[in-house]
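Enquirer: curious how this folds, go ahead:
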Amino acid sequence: MKPILIIRTGHAPDNIRARHGDFPHWFRLSARLPLPRVRVVNVAAGEGLPPPQEVAGAMITGSAAMVTERAPWSEQTAGWIRAAMDIDLPLLGVCYGHQLMSHALGGRVDYLPGGREIGTLPIELLPGAERDPLTAHLPAQFRAHTTHEQSVLEVPKGAQVLARSARDPHHLLRYGRNAISVQFHPEFNADVMRAYIKRKHHDMRREGFDPHHAFRQVAATPNARRLLRMFSRRHGLSHD
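Expert: Purely as a prediction, here's the structure:
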């Protein structure tokens, strides 16, 4: 069987990774991917991606990097995304992966006006989401973990916006029959979200946010987490 790619665009901070694991582990568990089929490619470290025709699907992780830096590995991955779209490969991008997919397909990424978005926040579905195969099962509003400074400011032509937060109007996008991306983090659990808030509390205070309030608002996000499982199940990637 063809492998399932986890395209690694970065890694969790050392203190979080030591206690909670790292991005590929979180994606594999949340999406219920069969370990023998998972292939992790660390594009940020210069590892090459196989041709899209040789894989069953791909998930693109978050990163501390910025899409606007236009790093060579990032731009090369953007080219790979375009090739994968040409063959309708199942694709799911998260955070940096979300922004990179939009950038690759003609959208515009830059810093979110008003500063970072971080914490467990309400996400609102938009009209049309009730007809999408991956969001039809979700409630009109659900909670999701977020931590990002950049965002998709302009969506690619033809992309459908399925969900938003109070500050970011483009939290969930569909680009085609098999390709979606999310700005929030469905792979995070509450402990990981708390760890990120603790790590960022000085930055949050400097930007006028209350880290203690954000910490108290952290909660489980079962609906957001279900999105990864539904994606992998729909495309025959999970072991369910």
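
Enquirer: CA only for contacts and neighbour counts going forward, please
Expert: Noted.

Enquirer: give the rounded mean pLDDT of stretch 60-71.
Expert: The average pLDDT within stretch 60-71 is 98.

Enquirer: what's it in contact with?
Expert: 6-12, 23-24, 74, 91-100, 103, 109-110, 150 (Cα atoms under 8 Å, 6 or more residues apart in numbering).

Enquirer: now the strands: where do they sit in this protein?
Expert: Counting by DSSP state E, the chain has strands at residues 4-8, 38-42, 57-60, 91-94, 108-111, 117-125, 141-148, 150-154, 160-164, 172-176, 179-182.

Enquirer: I'd like the average pLDDT over the fourth one.
Expert: Pointing back at strand 91-94 there. 98.

Enquirer: neighbouring contacts of it?
Expert: 57-62, 98-101, 178-186, 231.

Enquirer: now these: which count as buried?
Expert: Neighbour counting with 16 or more other Cα atoms under 10 Å marks 57-62, 98-101, 178-186, 231 as buried within the contacts of strand 91-94.

Enquirer: hang on, the earlier thing: could the strands of the chain go into a markdown table alongside distance to residue 194?
Expert: Formatted as a markdown table, the strands of the chain follow (distance: least, Cα to Cα, whole Å):
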| stretch | distance to residue 194 |
| --- | --- |
| strand 4-8 | 22 |
| strand 38-42 | 26 |
| strand 57-60 | 23 |
| strand 91-94 | 19 |
| strand 108-111 | 23 |
| strand 117-125 | 8 |
| strand 141-148 | 10 |
| strand 150-154 | 20 |
| strand 160-164 | 22 |
| strand 172-176 | 23 |
| strand 179-182 | 20 |
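
Enquirer: list the buried residues of stretch 27-45.
Expert: Buried-residue list, stretch 27-45, by 16+ other Cα under 10 Å: 27-28, 30-33, 37-44.

Enquirer: got any ranges where this structure has weak pLDDT?
Expert: Regions of the chain meeting the criterion pLDDT under 70 cover residues 240.

Enquirer: what's the burial count for residue 191?
Expert: 14 (other Cα atoms under 10 Å).

Enquirer: perfect, that will be all.
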